[in-house]
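**Student:** Turn this into a model:
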Amino acid sequence: MVGIGPGSLEDMSLRAHQTISQADTIVGYDTYIELIDELLPGKAVIGTGMMQEIDRCQAAVDEAIAGKNVAVISSGDPGIYGMAGLVWELAMKQPAATRPEVVVVPGISAVGASAAILGAPLMHDFAVISLSDLLTPWEVIKKRAEMAAAGDFVMAIYNPKSTKRVSQIEEVREIVLRYRDGKTPVGIVQHASRKKENKVISDLTNFTQEHIDMFSLVVIGNSQTYVQDGVMITPRGYRL
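**Tutor:** Okay, the predicted model is just below:
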């Protein structure tokens, strides 16, 4: 399990690069396979589209059982909304005698990369929430968002909006507005560490008027977060 970072090869760890170089077979989502295309000559590649996660992770386990050195790649960190958990679950279904060795190679997460682009918005306690309801009921997601808002956590939102799922980010905005001022800074980063990288800093009242899609990560500040000279900062509490 290899985290390839948010997008650019410059943000891939040396350990991740070496692991991919040493692998016989590379397995991953087609879009992420394309991000590391220059590392793939001479390797077998198993790529699949969205909604085929179980199939490709099972294929990776099968390849490993057959004796291949397999690298299952995830963008960011494989243990943060990546494939590490699924590979572990599938591997654990194998008898101990034939179970392949599983190693997780961490990577820079999208939330970490986006925070760096915005400035320093995650300097205090924060919660990471995905708005995708494909695997988690929407009512559960809303409850988590409300608890994070009530606890004054900085909130990092993955999968904020898609072509079919457009109202959820508006609902989250309304939830957070019950607990925070409308002027609370909100950062939006698109394509973090990739060619189309872009950032926008708005506020809680207005941020949903900005372009937001599945390539965006939204960071909602806490009650102390501020913006100065285009930089979003959440104080840790040091007395200056």
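**Student:** And the strands in the protein?
**Tutor:** Assigned by DSSP state E, the chain shows strands spanning 2-3, 25-29, 44-48, 70-74, 119-120, 126-130, 154-158, 185-190, 198-203, 216-220, 226-228, 231-233.
**Student:** closest to Ile80 out of those strands?
**Tutor:** strand 126-130 (7.4 Å; C-beta to C-beta). (C-beta placed from N, C-alpha, C; glycine too.)
**Student:** Please work out which residues outside the closest one touch it.
**Tutor:** 80-81, 111, 136, 141, 144-145, 148, 151, 153-159 (C-beta atoms under 8 Å, 6 or more residues apart in numbering).
**Student:** Low-confidence regions, the chain specifically.
**Tutor:** For the chain, no stretch is flagged by pLDDT under 70.
**Student:** So among the contacts of strand 126-130, which ones count as buried?
**Tutor:** The neighbour-count test (16 or more other C-beta atoms under 10 Å) marks 80-81, 111, 141, 144-145, 148, 153-159 as buried among the contacts of strand 126-130.
**Student:** Relative to Ser13, which of those residues is nearest.
**Tutor:** Ile80 (14.4 Å).
**Student:** Surely the closest one and Ala113 touch.
**Tutor:** No. Using C-beta atoms under 8 Å, Ile80 is not in contact with Ala113, being 11.5 Å away.
**Student:** which ones are touching the residue lying closest to Lys183 once chain neighbours are set aside?
**Tutor:** Residue nearest to Lys183 in three dimensions, not counting chain neighbours: Asp203, with 5.1 Å by C-beta to C-beta, 6 or more residues apart in numbering. The contact partners of Asp203, by C-beta under 8 Å, 6+ apart, come to 182-186.
**Student:** ok, now how distant is the residue positioned nearest the centre of the chain from Arg194?
**Tutor:** The centroid of the chain falls nearest to Ala110 when counting by C-alpha atoms, centre = their mean (4.5 Å). Using C-beta to C-beta, to the nearest Å, one obtains 10 Å as the distance from Ala110 to Arg194.
**Student:** likewise Asn222?
**Tutor:** Applying C-beta to C-beta, the value for Asn222 to Arg194 is 28 Å.
**Student:** Settle it for me: which of the two has more neighbours?
**Tutor:** Asn222 (23 against 16; other C-beta atoms under 10 Å).
**Student:** was I right about the more buried one contacting Phe153?
**Tutor:** Yes. Here Asn222 reaches Phe153: they are 6.4 Å apart, a contact under C-beta under 8 Å.
**Student:** if we can go back for a sec, hey, what's the closest residue to the residue nearest to the centre of the chain other than its chain neighbours bridged with?
**Tutor:** Nearest residue to Ala110, sequence neighbours excluded (C-beta to C-beta, 6+ apart): Gly76, at 4.6 Å. On the basis of DSSP bridges, Gly76 takes part in beta bridges with Gly5.
**Student:** residues in contact with Gly76?
**Tutor:** By C-beta under 8 Å, 6+ apart, the contact list for Gly76 reads 3-6, 82, 107-111, 113.
**Student:** hey, where'd the helices end up in this structure?
**Tutor:** Here the chain has its helices, by DSSP state H, at 14-22, 30-35, 53-65, 84-92, 110-118, 138-150, 168-177.
**Student:** Looking at the ones you listed, which one is packed in the most?
**Tutor:** Ranked by mean neighbour count, the helices of the chain are led by helix 110-118 with a mean of 23 (mean count of other C-beta atoms under 10 Å).
**Student:** Tell me who's in contact with the residue nearest to Ala192 when sequence neighbours are not counted.
**Tutor:** Spatial nearest neighbour of Ala192, excluding adjacent residues (C-beta to C-beta, 6+ apart): Ala113 at 4.3 Å. For Ala113, the contacting residues are 5-7, 11, 76, 189, 192-193, by C-beta under 8 Å, 6+ apart.
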